[in-house]
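> sequence? don't have it. structure:
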DNA sequence: TAGTAACCGAGACGGTACGTCTCGTCTTTAC
DNA sequence: GTAAAGACGAGACGTACCGTCTCGGTTACTA
């Protein structure tokens, strides 16, 4: 029986791969994700359609791969740990806020998010390759702060990261207001306030 | 020049309108938003395609309108005000959590959110008809609590609603964990803690 | 039971009827029969579509009716009978040739002919209202000539009219050559020659 | 500017081409030309619509091509030349008459003729591929007869072929009478009579 | 270093759905 | 009850892409 033979990654053309990802990146920014087509990517990349279908399972996967290739940190993702938790969180949220406020990045990120929403496979990949690492290092930093007694010892770290990233993401998604450093800072303050152990406040008066 | 004359809403067939929205609602739940087609909606509704194109600008608008027609409160949207802010917020977040946890509603809400993400017009309509009213009543309740001295007098109400709705939305979108009443309750506690005036906790200072 | 009640011709609006026929005539000349639509006729005539459907069974019938209304002789159709058969036939074929050579009439006549080709009902009506009367008077004139001994006494009058009208129609349809008076005259000569009794030429045999 | 690139005939699928022509032929006979749709042809042929649009400019062109493919002589079109002109013409007109009398062929030929009437491009192609060759060989045969002194030396060969084919075509188009061998024979006699030199008749008595 | 297997660009294929157009019917309002 | 107006169910139009399938042609491993 003639089983469909898998393509051989060793023979994969790096030139074609890079051209496809570049074309996808350009086109997402130009026409938006919804009007992006595989045919257009292939044409822009100077590549046969089959070459795309050979290596990516869907349009979303291509755009997604392009996004990941551009955003994936080489491995050194980590939050600073200066001892000042608020400052360290600001160091993450301020750039995040800036990027979401950038029109081109906003468009791309909206496309990616829309894909993630409805495609479980892409959602899983996004989680694995981008989100989980970010949440993990954030949890690590919060754990470190918890161990240092800076936040409540019974802090739910999962809820904590949601408190940090959820509000700004919500504001971005629904365009509830401008994404400024000032807003990011106040969000950090509020989140930390939520996580502060009552004892810390209770005893501060003494 | 022959300008395209707009259709006359007075002559619109209520039968056709209802059939289209019902068909769209059914089909989104059956095949998901991505595989939903206008042709299928028209066929299911027993309606000509042109009738859909006459009254809605896009597939998203139809699904969206169906969603709004089903979820729009007749005007009586309001948060309870029992005096117990935490209880009142739980009364909102728990049902929200339940709905997001329901597989059918989850699918529909993901479809809607994906549309909102990439279509400014739909985003505006969603804001106007659903989200803004919800946020407004939430802000009202928080303002009431602020006036009662239950939360800090300088509370930023915009940030406050983001703190309430953002985290649960984030958890839902990225499937970071189960959406339970227990989680909703802890989120309410954390949010309120973030908004509590230091003085409330710092009674011991007297 | 509600039987479909036939429209009452007595109440028919002459204004609407005339406007429809005029619009159809204009539009056939402007856009050709193939691109003519009932909607366009109704719009041009300032008439509701239903008014057309009420009184005519098809687009072809309208155009056709317009053509007939313009071309139907009031009853006084007849060939001249000067005693000179060739001259009398020329008096018919020359104007026919002129009309077929006129670009606007050519277009209209092509549209009519195409309809006739594929619609038996229109064909029958065309025969009854236009063609048969023409052929009848032509046959009458030929019969008169036959009685006068100018053509063979056993002349098949049906074949004779086909010999007169067939060749020019064929030349017109396939655009085999220019439609000139000179051509019409030669056709008349040839046709009469075909119909001449051998005896007329073969006097020498006595 | 991106010019629409023409398809590459070398890559054309013979299977698809044949299936389309066959389906068109069948469907014209089944539903008639007017009710024939490209969608139906594609469905019957098991072919994508785009494959039809890629290779044919219109519905008419498809039907037309099917007709030509079935009727185009491989190159060996010629009238017999037995020395007996009347017999040779009968050998052409009798089969023509038979074909026009066949209901299925009649329907197809009516469709083709209607197309030719209103589409100059199809008319030109019909002329080039079918009609002109037929008229040419007919003229050749008549020229041969003229050279042999069987018809008048000043015979207008263009008019002559119109006299041969026009009348039967006219009878067919307007259904003026049955298309029989007897009619064809009488037409041949009449046409030849029209073309006979008077001298031939004058001297026959000797 | 020749052969050959796999990827490559290209693009035709069978399809699906698009959004538009026109059909012929139905409904509404005015006369 | 006819007329103008126009929304309606229906379905074909011609287009755009889908994902698959040949085609040569060009690498780049294997014999």
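Great, that's in hand. Bear in mind the structure is a predicted one, so any value in this text is a computation, not a measurement.

> Sticking with residue A:19, tell me its helix or strand.
helix A:14-31 (DSSP states H and E).

> scratch that, residue A:43 is what I was asking about
Per DSSP H and E: helix A:38-45 holds residue A:43.

> Chain A against DNA strand E: which residues are in contact?
Proximity of chain A to DNA strand E, by Cβ under 7 Å from any atom of the strand, involves residues A:5, A:7-8, A:11-13, A:15-17, A:19, A:45-51, A:54-55. Backbone N, C-alpha and C define where each C-beta goes, glycine included.

> hmm, 10 Å instead?
A:5-17, A:19-20, A:34, A:39, A:42-55 (Cβ under 10 Å from any atom of the strand).

> Please indicate which of the residues you listed are buried?
Buried members of those, scored by 16 or more other Cβ atoms under 10 Å in any protein chain shown, are A:16, A:17, A:19, A:20, A:42, A:44, A:45, A:47, A:51, A:52, A:55.

> which residues does residue A:48 contact?
Taking Cβ atoms under 8 Å, 6 or more residues apart in numbering or on different chains as the criterion, residue A:48 is in contact with residue A:42.

> how close does it get to residue D:103?
Per Cβ to Cβ, to the nearest Å, residue A:48 is found 51 Å from residue D:103.

> For whichever helix or strand comes after the helix holding residue A:43, which outside residues touch it?
For helix A:38-45, the succeeding helix or strand toward the C-terminus, using DSSP H and E, is helix A:49-55. Contacting residues not belonging to helix A:49-55 are listed as A:7, A:12, A:13, A:16, A:17, A:20, A:38, A:39, A:41, A:42, A:62 [Cβ under 8 Å, 6+ apart].

> and with 10 Å instead?
By Cβ atoms under 10 Å, 6 or more residues apart in numbering or on different chains, the surrounding residues in contact with helix A:49-55 are A:6-7, A:9, A:12-13, A:16-17, A:19-20, A:23-24, A:38-39, A:41-43, A:45, A:48, A:58-59, A:61-62, A:65.

> so how far is it from its chain's centroid?
26 Å (Cα atoms, centre = their mean, to the nearest Å).

> Now do that helix, average pLDDT.
Average pLDDT, helix A:49-55: 95.

> Strands of chain A, start to end?
With DSSP state E as the criterion, chain A has no strands.

> and residue A:196, how many residues sit next to it?
Residues within reach of residue A:196, counting by other Cβ atoms under 10 Å in any protein chain shown, total 19.

> Flag the helix or strand of chain A with the lowest per-element mean pLDDT.
In chain A, the helix or strand scored least confidently by mean pLDDT, DSSP states H and E is helix A:198-204, which has a mean of 44.

> can you list the domains in chain A?
A:13-58, A:85-200 (automatic domain parsing).

> any idea which of these is most buried?
domain A:85-200 (a mean of 18; mean count of other Cβ atoms under 10 Å in any protein chain shown).

> is that one anywhere near DNA strand F?
No: against DNA strand F, domain A:85-200 shows no contacts by Cβ under 10 Å from any atom of the strand, the least distance being 11.8 Å.

> Is any residue of stretch A:84-99 near chain B?
No: judged by Cβ under 10 Å from any Cβ of the partner chain, stretch A:84-99 stays clear of chain B, getting no closer than 12.7 Å.

> so which residue of chain A comes closest to chain D?
Distances between chain A and chain D by Cβ to the nearest Cβ are smallest at residue A:43, namely 9.1 Å.

> Can you name the residues that contact that residue?
A:23, A:27, A:37, A:49, D:2.

> wait, what's in contact with residue A:104?
Counting by Cβ under 10 Å, 6+ apart, residue A:104 touches A:28, A:29.

> 8 Å instead?
residue A:29.

> And for residue A:188, nearest residue in space, chain neighbours not counted?
Nearest residue to residue A:188, sequence neighbours excluded (Cβ to Cβ, 6 or more residues apart in numbering or on different chains): residue A:89, at 4.6 Å.

> Wait, that neighbour touches residue A:192, no?
Yes: contact criterion Cβ atoms under 8 Å: residue A:89 and residue A:192 qualify, at 7.4 Å.

> And the helices in chain A?
A:14-31, A:38-45, A:49-55, A:59-71, A:85-101, A:103-118, A:120-126, A:132-147, A:157-173, A:181-195, A:198-204 (DSSP state H).

> what's the closest of those to residue C:172?
helix A:38-45 (48.4 Å; Cβ to Cβ).

> The closest one and DNA strand F, are they touching?
Yes: using Cβ under 10 Å from any atom of the strand, helix A:38-45 reaches DNA strand F at A:38, A:39, A:40, A:41, A:42, A:43.

> between that helix and helix A:14-31, how big is the angle?
120 degrees (axes from the mean of the first three to the mean of the last three Cα atoms, to 10 degrees).

> tilt between helix A:38-45 and helix A:59-71?
40 degrees.

> how close does the nearest residue to residue A:150 once chain neighbours are set aside sit to residue A:193?
Distances taken as Cβ to Cβ, 6+ apart place residue A:85 nearest to residue A:150, at 5.5 Å, with adjacent residues excluded. From residue A:85 over to residue A:193 the distance is 12 Å, taken as Cβ to Cβ.

> okay but residue A:125 is in contact with residue A:64, surely?
Yes: contact status for residue A:125 versus residue A:64: in contact at 6.9 Å, counting by Cβ under 8 Å.

> so residue A:186 makes contact with residue B:160?
No: the pair residue A:186 / residue B:160 is not scored as a contact, 10.6 Å apart, by Cβ under 8 Å.

> and the end-to-end length of stretch A:42-54?
Start and end residues of stretch A:42-54 are separated by 12 Å (Cα to Cα, to the nearest Å).

> do stretch A:79-88 as well
Start-to-end, stretch A:79-88 (Cα to Cα) is 7 Å.

> now chain A, which segments are flagged as low pLDDT?
A:1-5, A:72-77, A:197-206 (pLDDT under 70).

> Flag every residue of it that's near chain C.
Proximity of chain A to chain C, by Cβ under 8 Å from any Cβ of the partner chain, involves no residues.

> Out of the domains of chain A, which is closest to residue D:165?
Taking the domains of chain A one by one with Cβ to Cβ, domain A:13-58 is closest: 51.2 Å.
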